[in-house]
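> my questions are about this predicted structure, shown below with the sequence.
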Amino acid sequence: MQAIQAQLQQQAPDNEPPSTEINVQNLCYHPAGTEAPLLSDVTLRVPPKQMGLVYGRSGAGKTTLLQLIAGLTQPTSGSITLVGAPGGNGAAPSAVMTSSERLARTGLVFQFPERHFLAATLQQELAFAWPQDMLSLQQLSCRAGVVLPALGLDHIPLDTPLRQLSDGYKRRCALAVALVRRPSVLLLDEPLAGLDWQSRADIASVLGKLKQECTVLVVSHDLRELEPLIDVAWEMEPGGRLKPVQWPPTKE
Ligand SMILES: Nc1ncnc2c1ncn2[C@@H]1O[C@H](COP(=O)(O)OP(=O)(O)OP(=O)(O)O)[C@@H](O)[C@H]1O
């Protein structure tokens with residue numbers, strides 16, 4: 001029992017989530033089979049509880065950057081550090097983390113996440129891939145009790161079929177699935193894509209609240225509702241180079 005508790009504590013502690021900075025230094029990604037690198041010498045820093053934005057042309061490499069930070073892909077060179085997040089294997093909080101340690105500390109919400117739901121109901125989606133022992137299910141229930149009201153999902157019965165929900169509510173469900181793992185860092189790929197104006201406003205408002213708890217990095221080229229929430233921004237240029245931009249942008 002002690003071993004399970006220790007493992008859960010390491011995966012996602014229930015104490016206050018640490019204030020975490022995203023620190024990427026000189027990151028390059030050149031997968032086998034591509035002529036040129038997809039990302040070249042990318043450096044960025046998002047301070048704790050701030051929201052960073054990366055925008056840029058389609059195909060520039062924005063989603064690839066999120067996948068690298070989340071630990072889904074191995075960089076060719078450079079470092080990715082979640083400063084302040086508890087490191088696995090006894091690593092110091094500021095030590096460069098391995099991909100699997102980052103995977104445990106980040107919540108990545110893909111573009112159109114509702115297309116990737118694996119279960120029929122919110123309850124099943126939240127429990128998917130969650131350890132099925134009683135202790136752990138109690139912990140999931142506790143976390144859902146915090147996350148669902150914060151996302152305005154507490155009035156929805158947990159056994160409601162996900163396909164019956166509106167697009168905006170499906171988007172909230174996808175955020176809930178990421179947040180019950182208590183990530184130190186939230187990575188969002190085009191969080192408002194495909195939503196109607198009301199849902200866009202609702203999700204932007206939810207993201208504004210999340211920013212108070214979590215460090216967020218958003219990839220988007222659709223900035224209207226997000227603009228007031230952004231603290232630091234970069235433009236990704238073709239060839240996967242990142243250029244810092246002044247934020248808020250100067251009005252012409
Ligand atoms: N492992 C890989 N091997 C080869 N090519 C890849 C690999 N991963 C991504 N790509 C290619 O790299 C390019 C950048 O993709 P990415 O999805 O990161 O761009 P993006 O800026 O997010 O675009 P969009 O705004 O359209 O989502 C694409 O052309 C993609 O097909």
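Yes, it's here.

> okay, now the closest residue to Ser77 other than its chain neighbours: neighbour count?
Residue nearest to Ser77 in three dimensions, not counting chain neighbours: Cys28, with 4.7 Å by C-beta to C-beta, 6 or more residues apart in numbering. For the C-beta atoms, the positions are set from N, CA and C on the backbone; glycine is no exception. The number of residues packed near Cys28 is 15, by other C-beta atoms under 10 Å.

> so Cys28 sits in a strand?
Yes: Cys28: assigned to a strand according to DSSP: H, G, I helix; E, B strand; the rest coil.

> mind listing what it touches?
For Cys28, the contact set (C-beta atoms under 8 Å, 6 or more residues apart in numbering) comprises Pro37, Leu39, Ser40, Asp41, Val42, Pro75, Thr76, Ser77, Gly78.

> may I have the host helix or strand of Gly168 as CSV, with CA atoms only?
Gly168 belongs to helix 167-179 when assigned by DSSP states H and E. C-alpha atoms of helix 167-179 as CSV (Å, rounded to 0.1, in the frame of the first residue of the first chain):
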residue,chain,number,x,y,z
ASP,A,167,-18.6,21.5,-28.6
GLY,A,168,-17.8,24.0,-25.9
TYR,A,169,-18.6,21.5,-23.2
LYS,A,170,-16.6,18.7,-24.9
ARG,A,171,-13.7,21.1,-24.9
ARG,A,172,-14.1,21.6,-21.2
CYS,A,173,-14.2,17.8,-20.7
ALA,A,174,-10.9,17.6,-22.5
LEU,A,175,-9.4,20.2,-20.2
ALA,A,176,-10.8,18.2,-17.2
VAL,A,177,-9.1,15.0,-18.4
ALA,A,178,-5.8,16.9,-18.5
LEU,A,179,-6.3,18.7,-15.2
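
> centre of the chain to that helix, how far?
12 Å (C-alpha atoms, centre = their mean, to the nearest Å).

> the chain: helices as residue ranges?
Under the criterion DSSP state H, the chain contains helices at 2-11, 62-70, 99-105, 122-127, 134-150, 167-179, 197-210.

> could I get these as CSV with distance to the ligand and mean pLDDT?
Putting the helices of the chain into CSV (distance: least, C-beta to the nearest ligand atom, whole Å; pLDDT from 0 to 100) gives the following:
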stretch, distance to the ligand, mean pLDDT
helix 2-11, 27, 40
helix 62-70, 3, 96
helix 99-105, 14, 87
helix 122-127, 24, 92
helix 134-150, 27, 86
helix 167-179, 17, 93
helix 197-210, 18, 90
